[in-house]
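>>> return a 3D structure for these sequence lines:
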Amino acid sequence: MSNPVLVHVTRGAIVESRHRGAIVVVDAAGRRRSAIGDVEAAVFPRSAVKAIQALPLVESGAADRFGLGPAMLALACASHGGEPRHVETTEAMLAACGRTVSDLECGSHMPTSSVAERAVIRAGHPASPLHNNCSGKHAGFVCLACHLGVDPAGYVEPDHPVQQAVTAALADLTGVRLDAANRAVDGCSIPTYAIPLDRLALAFARFTTGEGLAPSRAAATRRLADACMAEPWMVAGTGRFCSEAMEIFSGRVFVKTGAEGVFCAAFPELGLGIALKCDDGGTRASETMMAAVIEAFLPLSEDERKRFATRLAPPVRTRKGVRVGEVRPVEGLAAALRDGR
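Numbers count the residues shown, from 1 in each chain. Okay, here's the model as predicted:
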């Protein structure tokens, strides 16, 4: 089926661009509260499931053994901007298990934060794996390997004990068989699996309610969700959607973006999980789609609405900063989401 247009980008009074996509909202029993588009299509969630990938770090006892507090656990779930505190915290995680940056197998790229990128350039230093937006997750993998008593080398491979544990956790929460048939390789070199959108939403409903999970796993999900909501800046960084949303809605929203227009989220007070995909992979549209879901389902205080306003309809500006249009949900999207269609 063809997914509907969910986001318009305007310039003046004209719609200049259109983004199609799918959105699904479910409870922890898998009952759909809302579904728009093809929500049974399999997508690669990529970084949107980092919090689930961090479960073995907590469940195994590695987090306690190495003294990983909320900031470090939030970083293990993060797609960070490579800002100084992100880099320093990743180094501290590695040091806690007696390892260094040389053990990271995520690869290097410049910080995604433009401020941090300019600082690296001015310093004349090359980017390192510490600047990779996935370095916190990978530091967590290294900690897990050390705790399990296995060589961290090759921890990105699907047959390594670390990835076997990570894949098992993801399969448990989604209820989807994960194997070579639906496996590919993520940008940071670990396995990524194609999973139906509605099953990703189910996973996040379970993640924040603990329903359907073993007690030890439910305790681990609560600990990771609490860490991310207590340290939202660590999850993304300055000016980033995930960090801003979790800061504004303080405990009411857990949200995590992935590559290619995927978002997963949960509303703990409602027991709901959310997953969405912008067909063309556009971040500007996927963020606006997620903002529309938040507006549709959460009663917003006046202060919350004011602080979140620029996310509900981000402005399109000239190079001089003049507002000339906006990125906005299609008319009636919030109502359609509330109506379940």
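>>> pLDDT below threshold where in this structure?
Residues of the chain that meet the criterion pLDDT under 70 lie in 1, 341.
>>> what about the strands in the stretch 101-250 of the chain?
For the stretch 101-250 of the chain, applying DSSP state E, counting those that start in this stretch gives strands covering 183-185, 191-193, 195-196.
>>> which elements pack onto the second one?
Where contact means 3 or more Cβ pairs under 8 Å, 6 or more residues apart in numbering; DSSP states H and E, strand 191-193 is packed against helix 161-174, strand 183-185. Backbone N, C-alpha and C define where each C-beta goes, glycine included.
>>> cool, the shortest one as well?
Judged by 3+ Cβ pairs under 8 Å, 6+ apart, the packing partners of strand 195-196 are strand 42-43.
>>> one more: the first one?
Helices and strands touching strand 183-185, by 3+ Cβ pairs under 8 Å, 6+ apart, are strand 191-193.
>>> what's next to the strand it packs on, contact-wise?
44-46, 156, 158, 163, 167, 170, 176, 178, 182-186 (Cβ atoms under 8 Å, 6 or more residues apart in numbering).
>>> could you rerun that using 10 Å?
When contacts are defined by Cβ atoms under 10 Å, 6 or more residues apart in numbering, strand 191-193 is touched by residues 42, 44-47, 49, 53, 156-160, 163-164, 166-167, 170-171, 174, 176-186, 258-259.
>>> what lines up beside that strand in the sheet?
Strand 191-193 has its sheet partners listed here by DSSP bridges as strand 183-185 (antiparallel).
>>> residues in contact with the strand it pairs with?
For strand 183-185, contacts defined as Cβ under 10 Å, 6+ apart pick out 44, 46, 156, 158, 167, 191-194.
>>> can you select the buried ones among these for me in ChimeraX?
Per 16 or more other Cβ atoms under 10 Å, the buried members of those correspond to this ChimeraX selection:
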select :44,46,156,158,167,191,192,193
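>>> which of the contacts of strand 183-185 sit farthest apart?
Farthest-apart pair in these is 156 and 194; separation 18.3 Å (Cβ to Cβ).
>>> dump the strands of the stretch 101-250 of the chain to TSV, plus distance to residue 305.
Shown next, in TSV, are those (distance: least, Cβ to Cβ, whole Å):
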stretch	distance to residue 305
strand 183-185	39
strand 191-193	35
strand 195-196	33
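>>> of all the ones you listed, which one is nearest residue 69?
Minimum separation from residue 69 across the strands of the stretch 101-250 of the chain (Cβ to Cβ) falls at strand 191-193, 28.1 Å.
>>> what's near enough to touch residue 115?
81-84, 237-239.
>>> now stretch 93-110: buried residues?
93-94, 96-97, 99, 103-106, 109-110.
>>> which neighbouring elements make contact with the top strand by length along the chain?
Ranked by residue count under DSSP state E, the longest strand found in the chain is strand 14-27. Where contact means 3 or more Cβ pairs under 10 Å, 6 or more residues apart in numbering; DSSP states H and E, strand 14-27 is packed against strand 5-11, strand 32-36, helix 197-209, strand 262-267, strand 272-278, helix 283-297, strand 323-329, helix 333-339.
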